[in-house]
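Student: What shape does this take:
(2 chains, ligands or ions: 2)
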Amino acid sequence: MKYTYYPGCTAGTTSVEFGLSTEAVCEALDIELLELDDWSCCGASSAHSLNHELSLSLPGRNVALAQEAGLDTVIPCPACYQTSLSADIALREDEAWRRKMESMLDFRYTGQGRPRHILDVLSYDLEIEAIQARVTKSLEGLKVASYYGCVLVRPPEKTGWDDAEHPITMDCLVGAIGAEPVDWSYKVDCCGASLTLSKSEVVVTLANKIVEGAIEAGADCIASACGICQINLDTRQAGVEKVPIFYFTELMALAFGLPGVEKWFGKHTVDPRPLLRERGLLT
Amino acid sequence: MTIAVGIDPTFVDVVRERSGERIHRCFYCQRCTVGCPTAHVMEYKPAQLLRLIQLGQKDRVLDSSAIWMCVACEACGTRCPNQIRLAPVMDVLRIMAVKEKHALEPSVYALHRSFLDSIRLWGRVHELSLIMEHKVRCLLAEPPLFFHGLISDLIMGADLILKGKIAFVPERIKRMGEVKRLYEEAAGAESEGDE
Ligand code: SF4
Ligand code: SF4
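Tutor: Numbering: from 1, shown residues only, chains lettered A, B, ... in the order given. Ligands and ions are numbered 1, 2, ... in the order given. Okay, the predicted model is just below:
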């Protein structure tokens, strides 16, 4: 399988473990990722907050870069995924806008590939057996709270996710690698996102509510599919009991026995290695 | 007939038109408010904001800090029985507030502006210079803001630098001309507000 790949700004920096584990897991599953040449930032929440046109044209540039290959584009960051979806819909449905973009950036919109989140691709483009077959070290005994956050699943008419209130796609993957998905109430609650830099007290409140919810449900750790969620939950924990926050792709890489995993874990704020050693999942 | 200062009866139609959201339909069930993650820091809750818009209370809405607290999580739009999404409404309100020189929530506004400046300069976001610009903008807008959360930000920043998760040197994309073009076009389409 082949996809174009939009890593986004954080996959090389604040969520470098997400970028690396996404690439490693795809390679292990024979998924080829072709990085878009010279991609630029999607504008995230700042573009749509201050300038409507930029909120469509910045991610639109990346959608434009993906046109020639005509493949679906894999995106790890839910914020990039969301802005790319909006940009793709605008190019698809608004002819005047499409013409303007095509002339500004000198490309032709074919609409063949679509922006896809990595969780969507790993859940729906592969048989679950293909993932199970790759497991060399089952994560038995590890209780995982799957955390989806906000714009990965919402608004449902745009993302088309399995269920906007009770999604189970990540839980299924977690189960496929031998871990135990935990039922809990905060799967789709918002962590405060970009307010982490401008209104950190809001994020502290929200992140701790989510972490406490996971502890209450008996989880050992949380699996995340977002760089902003991961950093907010990982760095803002105020309670005595700390919970490791993994990217779901890190857990997959661990179960696949891929090299480099331990190095990624060293980059977390709440060190997950003691928990994994205690469970015999890391030497 | 005299109309009270700050009241604009056309406001609701303008917001409806620009956001594409059918805000007339709101019957104040407050489901949006109940599920909103940041309602606790909004002086007007999401449903109240919609009611104020319906009543033409333009100045109160555009001067509020509430419109800057929305993180576009889309919980309200997913749950509203009338399919009203607040996120696009909030975008329209923020853009109007900047353009018409209303009171802006300084820290949040400064962050968005620094973020867009970073992309304008490098084509991608460079966290370190973005955070520094944000701090400077806060200092200029409201000096005490500079110190707000400074210690915890520094500790977090130092931790991320030590772990190699923040790059010192920004990476610039090759075809910056394209990004520049997008900014110029967008600035023409609607004012980005003051610098
Ligand atoms: S949920 Fe919808 S109808 Fe109910 S108060 Fe909010 S916007 Fe109005
Ligand atoms: S989109 Fe904004 S207003 Fe709606 S629930 Fe989320 S933060 Fe609140």
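Student: chain center to stretch A:275-283, what's the gap?
Tutor: In this view, stretch A:275-283 has its centroid 25 Å away from the chain centroid, taken as CA atoms, centre = their mean, to the nearest Å.
Student: Now do it: everything it contacts.
Tutor: The contact list for stretch A:275-283 (CB atoms under 8 Å, 6 or more residues apart in numbering or on different chains) reads A:137, A:139, A:141-142, A:220-221, A:244, A:254, A:262, A:265, A:273. Heads up, the C-betas are built off the backbone N, CA and C, glycines and all.
Student: any weak-confidence spans in chain B?
Tutor: Residue ranges of chain B with pLDDT under 70: B:1-5, B:190-195.
Student: how does chain B divide up, domain by domain?
Tutor: B:11-99, B:106-189 (automatic domain parsing).
Student: Out of these, which one sits most buried?
Tutor: domain B:11-99 (a mean of 20; mean count of other CB atoms under 10 Å in any protein chain shown).
Student: tell me which of the contacts of stretch A:275-283 is nearest to residue B:111?
Tutor: residue A:244 (28.2 Å; CB to CB).
Student: Please give the element, helix or strand, for residue A:222.
Tutor: According to DSSP states H and E, residue A:222 maps onto strand A:221-224.
Student: what's that strand packed up against?
Tutor: Applying 3 or more CB pairs under 8 Å, 6 or more residues apart in numbering or on different chains; DSSP states H and E, we find strand A:221-224 packed against strand A:143-147, helix A:200-216, helix A:227-235, strand A:245-247, helix A:248-256.
Student: what would the ones you listed look like in JSON lines with mean pLDDT and mean neighbour count?
Tutor: Conversion of these to JSON lines gives the following (pLDDT from 0 to 100; neighbours: other CB atoms under 10 Å in any protein chain shown):
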{"stretch": "strand A:143-147", "mean pLDDT": "98", "mean neighbour count": "26"}
{"stretch": "helix A:200-216", "mean pLDDT": "96", "mean neighbour count": "20"}
{"stretch": "helix A:227-235", "mean pLDDT": "94", "mean neighbour count": "25"}
{"stretch": "strand A:245-247", "mean pLDDT": "98", "mean neighbour count": "28"}
{"stretch": "helix A:248-256", "mean pLDDT": "98", "mean neighbour count": "26"}
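Student: Turn these into JSON lines, including distance to chain B.
Tutor: Shown next, in JSON lines, are the helices and strands packed on strand A:221-224 (distance: least, CB to the nearest CB, whole Å):
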{"stretch": "strand A:143-147", "distance to chain B": "14"}
{"stretch": "helix A:200-216", "distance to chain B": "5"}
{"stretch": "helix A:227-235", "distance to chain B": "5"}
{"stretch": "strand A:245-247", "distance to chain B": "13"}
{"stretch": "helix A:248-256", "distance to chain B": "15"}
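Student: For residue A:60, which non-adjacent residue is closest in space?
Tutor: residue A:87 (4.2 Å; CB to CB, 6 or more residues apart in numbering or on different chains).
Student: which residues touch that neighbour?
Tutor: If you count contacts by CB under 8 Å, 6+ apart, residue A:87 has them with A:42, A:56-60, A:62-63.
Student: try it again with 6 Å
Tutor: A:56, A:59-60, A:63 (CB atoms under 6 Å, 6 or more residues apart in numbering or on different chains).
Student: Moving C-terminal from the helix or strand hosting residue A:57, which element do we reach first?
Tutor: Applying DSSP H and E as the criterion places residue A:57 in helix A:52-66. Using DSSP H and E, the helix or strand that follows helix A:52-66 towards the C-terminus is strand A:73-75.
Student: Show me what counts as buried in the helix or strand following that following strand.
Tutor: Where DSSP H and E defines the elements, the next helix or strand beyond strand A:73-75 is helix A:78-93. Of all the residues in helix A:78-93, those buried under the rule 16 or more other CB atoms under 10 Å in any protein chain shown are A:78-88, A:90-91.
Student: Also stretch A:62-70?
Tutor: A:62-67, A:69.
Student: As JSON lines, those with distance to residue A:25 would be great.
Tutor: Supplementary listing: the buried residues of stretch A:62-70 in JSON lines, determined by distance: CB to CB, whole Å:
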{"residue": "A:62", "distance to residue A:25": "22"}
{"residue": "A:63", "distance to residue A:25": "24"}
{"residue": "A:64", "distance to residue A:25": "28"}
{"residue": "A:65", "distance to residue A:25": "23"}
{"residue": "A:66", "distance to residue A:25": "21"}
{"residue": "A:67", "distance to residue A:25": "26"}
{"residue": "A:69", "distance to residue A:25": "21"}
